[in-house]
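can you look at this prediction? I've put the sequence above it.
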There are 4 protein chains.
Amino acid sequence: MINFRNDYSDICYSEILDYIKEHLDELNPGYGTDSHTKIAENLIKEKLGDNDVDIYFIPGGTSANILGASLGMRPEESIISARTGHIEDQEAGAIEACGIKIETIKTKDGKLTKDKLQEKYKTFTNEHHTVARKVYISNTTEVGTLYKKGELREIYDFCRENGLYLFMDGARLAHALVSKKSDIKFKDLTKLCDIFYFGGTKNGLMFGEALVIVNDDLKRNFRNLQKQKGAMLAKGFVTGLMFERLFMDDLYIKGAKKAYLLAEKLSTSLKDKGFDLAYEFSSNQVFVKVSDKDVEKWEKFAIFESCGKDNDYNIVRLVTSYKTSKEDIEKFIENI
Amino acid sequence: MINFRNDYSDICYSEILDYIKEHLDELNPGYGTDSHTKIAENLIKEKLGDNDVDIYFIPGGTSANILGASLGMRPEESIISARTGHIEDQEAGAIEACGIKIETIKTKDGKLTKDKLQEKYKTFTNEHHTVARKVYISNTTEVGTLYKKGELREIYDFCRENGLYLFMDGARLAHALVSKKSDIKFKDLTKLCDIFYFGGTKNGLMFGEALVIVNDDLKRNFRNLQKQKGAMLAKGFVTGLMFERLFMDDLYIKGAKKAYLLAEKLSTSLKDKGFDLAYEFSSNQVFVKVSDKDVEKWEKFAIFESCGKDNDYNIVRLVTSYKTSKEDIEKFIENI
Amino acid sequence: MINFRNDYSDICYSEILDYIKEHLDELNPGYGTDSHTKIAENLIKEKLGDNDVDIYFIPGGTSANILGASLGMRPEESIISARTGHIEDQEAGAIEACGIKIETIKTKDGKLTKDKLQEKYKTFTNEHHTVARKVYISNTTEVGTLYKKGELREIYDFCRENGLYLFMDGARLAHALVSKKSDIKFKDLTKLCDIFYFGGTKNGLMFGEALVIVNDDLKRNFRNLQKQKGAMLAKGFVTGLMFERLFMDDLYIKGAKKAYLLAEKLSTSLKDKGFDLAYEFSSNQVFVKVSDKDVEKWEKFAIFESCGKDNDYNIVRLVTSYKTSKEDIEKFIENI
Amino acid sequence: MINFRNDYSDICYSEILDYIKEHLDELNPGYGTDSHTKIAENLIKEKLGDNDVDIYFIPGGTSANILGASLGMRPEESIISARTGHIEDQEAGAIEACGIKIETIKTKDGKLTKDKLQEKYKTFTNEHHTVARKVYISNTTEVGTLYKKGELREIYDFCRENGLYLFMDGARLAHALVSKKSDIKFKDLTKLCDIFYFGGTKNGLMFGEALVIVNDDLKRNFRNLQKQKGAMLAKGFVTGLMFERLFMDDLYIKGAKKAYLLAEKLSTSLKDKGFDLAYEFSSNQVFVKVSDKDVEKWEKFAIFESCGKDNDYNIVRLVTSYKTSKEDIEKFIENI
C-alpha cells in the first residue's frame, strides 16, 4: 500500500535517533534548563536572524496551540480564527477548555484576509460580545494553502493597528517555507507575527514543536503557563536534543523540500489525468476531487483520508512526507 | 559530581532506544491507534491480571494528573489532596485551570489516611462548598513514603462508600512496587483505586505515563478529553513502542529495583553516620536532615535538591535511579 | 417617544412591588431556603402539573443560561446551538468561560430542526472533536419565532435517542405560551425538554428567572453550582416573593398576552402599510425591513434597535411589553 | 425568637422600596446605561473624594468576588487569600471555576499582614508554581475583625512594590467604616487598594454591591467581563436606583452604625456575664465561646449560627443589623 495518509506516520529521521543515541550516557538538568535546549534555541535564533525572541520546545501541536492561544489572555478576551482553523475544528474544544471563545470567519481556502478580518472585527461592538484580542492563522493551512508575504503583512499590520496579537500555527511551517508558491523566508518570520511555531512532529521528529515568542508582552511567565498546560516535559533535554539536531544543518528544510517536490509531481500528474484539485496546489497536502467509484478503486493500493464532499465528488487528501518515495508517486499515478 | 538530583536526568534505557531503532522504517497510524500501542496495553493488562481496564499512554506526569483529576468531573465537583500532593504543590495551577478546586488536607508524611479523609469529608456540608468527588493520592508520595495495602484498602473503601473516585498518581509507582516496605503487587492495583498510572518518565523512558482506568464510569470518551488537554501525541506509536518494550520483560521493575537497593544502602549509611531522615525510608527518594555546614560541604561533590527547613536543619533530597552506581553511593558516603 | 426598545425597560408590575412592601417587616432565612421560595416553587409545579421537578430562582438570564448550559457537563462535552442562539451570540463568551465549546448550526429563522440537528450530530465522529451532550434552544427565539409542539417533540425525541440533554432558554417563554401561533401549554413543558426556565426579567419582574429541572440526572448538587456561578442571592426570598406573586394569579400570563396582542396589531398594520417582516410574526418581537430613510424618520418619534441588514434594508426590531399602550401602537402606525 | 442569624434576613430599608415605587412608571435603557446608575456612581465618587475611579453595580457578593478576583488576570496568575477568606472558604469553588488557583495563608484572626504576605510571596520561586498576581482581603473579615489604616497601607505598599493587585471584599465595608476600632475614612479607600466594593446586600438593599475600580490597568473592558460572569442585570437601573437612594443621604452609614452600637452593647454584656469572645470585638459580627449546654439553652429564644469548635467550646456567631432592636439585645442578655 502506498501511504498518503499523513506526514506523521514515521518515527523520525534516522539522524535524530542517532543523535539521541550519541548522548545516551549524559545526565541533564530537567524541564528544559539543559544545554541542548539552549543550543537549539540559539540555532533557531540564528536561522531567524533575530536574537530578541524567546523560544520554548513543546511536546505537540495541540499543546502548542493551547499555549499560543491562551498566552497573555484576560478572561473577557477571545481569539479570531477561520472556521477550518485547527483550534476551531480539530482540537476537541481545547481552547474553550481554557475559557476562551473562538470567534470564527468563514473562508473559501482556509485563509484569513485583512478584509475578512476587518469585517469581523467591526462586529465586536459592545459588552454582550467578547473582546477580540488575538488572531489565529495556520501556515500552511489545514487545506494545504499558504500565505504570501504581502498577505501576511496586511494581516499583521491590521492586528497591530487594533491591538490584536497574531498567532501563527506552524505545524507545517517547513512545508510553507519550501514551497515555490511562498515568498516568505526565515528572516521574515519575526516581522510578520507575534508568536508562531516550527512544527517538528510533521517534519521528522518523534514529537515536538518550537514555539517562538516575538512580542515582548507575551514573554512574561511563559514557563509557568507551559507547566500549567502539561506542556513541560521533565526530560525537556530530549526535545532539546532533537531540535538541536534538526537545526544543526539543513535537516529541517531537506525533508520538507523532498515532500514538496513529490507533492508537486503528484498534483501535476493528477491534473494531467483530468482530476480537479479542491484547493490550489501549494504544499505537501494535495486535495483532489474524486468520484465514489475512484475512491473505491484507489483504496485498493493506497492509504489516504477523505475530507467531506463537494457536490458529487469526494475531497480526498493525499499527503507526502520525507518518507514518501518517487516510486510511490509513480506507482500511484500508474494505478489510478 | 555524584548525581542525586532526581530520577529523570537520563535519556532512557538503551533497550528502549534500540527498540525504537529496530522499528525505524515502519509507518503507523496516528494518535495511538497503532498495533504497538495495542500490544503495550495488552502487556500491562496481563501484568495487572485484569482485562477489564482501559489503558492510554500520556506524554508526561502533569498531563496524566490533569487527565486523572478532570476525568468525569462535573463543574461543581472538587478533588481532595494532601497539601504536599503534586497537583496542589507542583503543577502551577494545572488543576484549577480546568476549573476544579483542590480541597487540601495537612499531613505529616505526605499520606492521606482514612481518618483524615473522613474528617475532611464531613466539612462539605452545604452549597457554599464544592462537592467532593475525587481523592488524589500519590504512591510513592512526594516525600518518598508509600501506602501499605491495608491503608490503601481503607481509603478506597471509604471512597466507594461515599461516591468518591480514587485517583493514584503513579509517577513513581514502580518505586513503590519494588520497595521492601510495600506489600502491594501488580495484581492488587485494580482492586485498590479507580484510576492510576505507571510512570515511565521517572523510570527510564524518554517520556510517557501509562494511565489505567479501572472504573467504568470513567471510561467514556477518554480520548476526546486526552486530545482536549493536549495529551494525545500524533505519533502515539512512539509512546506505544516504549511501553511495549518496558513491559515486554522485567525492564519496568529491574531499573526501579536497582534504584531501591542503592537508596536503601544510602539511607542505612546515612543513619549509621548519625544523620536523621526527615521521613521514614521507603523508596528511591531519601530525605535527610542536614546542617547548613554539611550542605555546603556536600555540594562540592554531589548534586541534590534542598526542600525546605526543619528547625535548624535543611531537608535534603537524595534520589537514586537505575543510572546511579554502587560507586556513587560509596563515594558519597566516604565523602560526607 | 414611543418605546419599542425592548421588554425590560420597566421596573416591574406594581403588583410585585406592592407584594414586596406587604412583607417588608419579615425576616427570612437566606439563600432561597425561605417559605416564599417554597410557595413559589409549588405554584409553578401546580401550573406545570408536575411535582417531580426541581425549581430554582436565578437572578438573570445570563446566569440562567450559564447554569443551564454547564449543569451536568463533563469537560469533554459540548453544547449545540443555533448561531443566533443567545449563548453563542449575546453572552460575551459566558459559556466558553465555563470551559464549554458551543457547536453551532446555521438557521434561517433562529430555530433548530430535527434534521439540522441530526446532520450536525453526524459530524461528531472522533476524538478530535468534542462530545456533543446538550442542545440549546430558545423559545421564543432571538428573532421572535417559536416552536410548535410537534417540532419540539421531534427535537426532544432525537435528543433522548442520542443521549443529549435539551435545554430551553425561556427568557421569553411567556411570550411563546400566549402566542396564537403556539400550541404548547404549561402542562406540555416538562414533557418536551430536560431543563428550561420561565423568564421574569422580560415579563414584569425587577429581575429573576425560574429554572425548572426535569431530568433527574441534572438535579444533583444544583445549589452548589448555583452558588459557584454567582447565581445564589443571599436574599433569595426577594426573588421567591416576586415569583410567588407572579404565579399566584394569572399575572405571568396577563402582561405577556397584552404585549402579544399589541404586537399582532403592530405587525398587521406594518404589513398593511407595505412593510415586509424579516421573520414570520409570532410573538412580541416584530422584525421589520426598513429603508435607511424610514429608519431616520422613525427615530424621530420612536425608540428601537436595528439588528443588521438584509440587502438594502435595515432589520428593525420593535418590541412590545405590558407597558406598551394601544395608543403607542396607534400613534406609531399613524406616524410612519 | 431574637434574630442574630445574619445581616441579610430583611428585605430592605423602607426608604429603598419607597424610592423604587416613586420611579415605577419610568422606562430606562438597560444594562446599567441609565441615568440612575450614573447618579449613583457620582454620589459614590463624591463620597470617595475621587473622580478617577470606575464604578459598577453587581447583583451579589459572589459575583462581585468572581469579578474582583478574575479581572485582569492572565491564565498563569493566582490570587493570595487567608484560609478563612470568603473566596477560599464560602464560594463553592467560584474562583477556581474561573481557572484561578487561590494560594492560601493561615491566620489567627482572618487578617493578612504584610509579614505573612511577604513570607508567602517568597514561595513563588519557579515555574512549578503559579505566578501570584493579586491579593484578596475582606474588611470586615469573615470573623468580624477589621484592618487599621496602617495595616492596610503596609499591605498595599507591599503589593505595589511587587506588582500585585490588592482586592478588598467590602461585603461588610460599611460595618468596618462605622466601627470605633477603625480609623479608615471614605476618602482613604481609593488610596489603600486597587479594587474594592461597598456591599449593599448586608446593609439594607434587596441585593447589590458597588464595585469600585481604582487601578487603571483593571478598568479596560470591565463591562464585557461583567456580562460574561452573569453579573449584568438587564434592569440594571433597579440596582442603580437602590444605590442612588443609599448614597443620597447617610442611609449607607446610618443602619450600619445602629448595628454597630447594638453589637458593642451585646459584646460588652457578654463579657460582663463571663463569656469569652473568640475574636476581638470590632464590628457587627460577635463571635463568642459557648458551652454545649448554653448553646442548647440559647436556641430556645434566639436564632444564630455555630461556626465550629474551640476545644470544649462552640464558637457562636451573633450578628446585628439595622433591623435589630435595643429590646432584642436586652431580652437576649436577660435570658442567657
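Sure, I can see it.

CA atoms for contacts and neighbours, from now on please.
OK.

please name the strands paired to the host helix or strand of residue A:318 in the sheet, noting orientation.
Assigned by DSSP states H and E, residue A:318 belongs to strand A:313-319. In the sheet, strand A:313-319 lines up against strand A:285-290 (antiparallel), strand A:305-310 (antiparallel) (DSSP bridges).

and the helices in the stretch 201-336 of chain A?
A:222-228, A:236-248, A:251-272, A:292-298, A:326-335 (DSSP state H, counting those that start in this stretch).

next: the stretch 1-150 of chain A.
Going by DSSP H, counting those that start in this stretch, the stretch 1-150 of chain A shows helices at A:14-22, A:35-48, A:61-70, A:86-89, A:114-121, A:149-161.

nearest to residue B:158, of the ones you listed?
Checking these against residue B:158 by CA to CA gives helix A:61-70 as the closest, at 36.3 Å.

contact residues of the stretch 151-300 of chain A facing chain B?
Proximity of the stretch 151-300 of chain A to chain B, by CA under 8 Å from any CA of the partner chain, involves residues A:201, A:206-207, A:224-225, A:227-231, A:233-235, A:238.

which pair of those residues spans the longest distance?
A:206 and A:224 (24.6 Å).

higher neighbour count, those two?
residue A:206 (26 against 23; other CA atoms under 10 Å in any protein chain shown).

quick check: the more buried one touching residue A:14?
No - using CA atoms under 8 Å, residue A:206 is not in contact with residue A:14, being 10.5 Å away.

residue contacts, the closest residue to residue A:78 other than its chain neighbours?
Of all residues not flanking residue A:78 in the chain, residue A:132 sits nearest, at 4.7 Å (CA to CA, 6 or more residues apart in numbering or on different chains). Contacts were defined as CA atoms under 8 Å, 6 or more residues apart in numbering or on different chains; by that measure residue A:132 touches A:77-80, A:103, A:121, A:124, A:164.

ok, 10 Å please
A:76-80, A:101-103, A:120-121, A:123-124, A:162-165 (CA atoms under 10 Å, 6 or more residues apart in numbering or on different chains).

could you list the residues in contact with the lowest-mean-pLDDT helix or strand in chain A?
Using mean pLDDT, DSSP states H and E, strand A:305-310 stands out as the lowest-scoring helix or strand of chain A, at a mean of 92. For strand A:305-310, the external contacting residues (CA under 10 Å, 6+ apart) are A:4-6, A:143, A:278, A:287-291, A:295, A:299, A:314-319.

switch to 7 Å and redo it
Residues from elsewhere that reach strand A:305-310, judged by CA atoms under 7 Å, 6 or more residues apart in numbering or on different chains: A:5, A:314-317.

from residue D:183, how far off is the nearest residue to residue A:14 once chain neighbours are set aside?
Nearest residue to residue A:14 in three dimensions, chain neighbours excluded: residue B:24, at 7.3 Å (CA to CA, 6+ apart). In this view, residue B:24 and residue D:183 are 75 Å apart by CA to CA, to the nearest Å.

need the residues of the stretch 151-300 of chain A next to chain B in JSON lines (columns: pLDDT and distance to residue B:256).
Formatted as JSON lines, those follow (pLDDT from 0 to 100; distance: CA to CA, whole Å):
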{"residue": "A:201", "pLDDT": "98", "distance to residue B:256": "31"}
{"residue": "A:206", "pLDDT": "98", "distance to residue B:256": "26"}
{"residue": "A:207", "pLDDT": "98", "distance to residue B:256": "26"}
{"residue": "A:224", "pLDDT": "98", "distance to residue B:256": "30"}
{"residue": "A:225", "pLDDT": "98", "distance to residue B:256": "31"}
{"residue": "A:227", "pLDDT": "98", "distance to residue B:256": "26"}
{"residue": "A:228", "pLDDT": "98", "distance to residue B:256": "28"}
{"residue": "A:229", "pLDDT": "98", "distance to residue B:256": "28"}
{"residue": "A:230", "pLDDT": "98", "distance to residue B:256": "25"}
{"residue": "A:231", "pLDDT": "98", "distance to residue B:256": "26"}
{"residue": "A:233", "pLDDT": "98", "distance to residue B:256": "20"}
{"residue": "A:234", "pLDDT": "98", "distance to residue B:256": "18"}
{"residue": "A:235", "pLDDT": "98", "distance to residue B:256": "18"}
{"residue": "A:238", "pLDDT": "98", "distance to residue B:256": "21"}
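
so which of the residues you listed would you say is closest to chain C?
Chain C lies nearest to residue A:229 out of these, by CA to the nearest CA, at 14.1 Å.

can you pull the contacts of the closest one?
Applying CA under 7 Å, 6+ apart, the residues contacting residue A:229 are residue B:94.

how about residue A:167?
A:68, A:135-137, A:193-196.

tell me the buried residues within those.
A:68, A:135-137, A:193-196 (16 or more other CA atoms under 10 Å in any protein chain shown).

so which of the residues you listed comes closest to residue A:303?
Distances from residue A:303 to these, taken by CA to CA, are shortest for residue A:137, at 28.3 Å.

what's the closest non-adjacent residue to residue A:127?
residue D:224 (4.2 Å).

residues contacting the one you found?
Neighbours of residue D:224 in contact, by CA under 7 Å, 6+ apart: A:76, A:127-130, C:92.

residue A:246: which of the residues you listed is nearest?
Once CA to CA is applied, the member of the contacts of residue D:224 that ends up nearest residue A:246 is residue A:76, at 38.9 Å.

okay if I get the contacts of residue D:224 as JSON lines plus pLDDT?
Shown next, in JSON lines, are the contacts of residue D:224 (pLDDT from 0 to 100):
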{"residue": "A:76", "pLDDT": "98"}
{"residue": "A:127", "pLDDT": "96"}
{"residue": "A:128", "pLDDT": "97"}
{"residue": "A:129", "pLDDT": "97"}
{"residue": "A:130", "pLDDT": "98"}
{"residue": "C:92", "pLDDT": "98"}
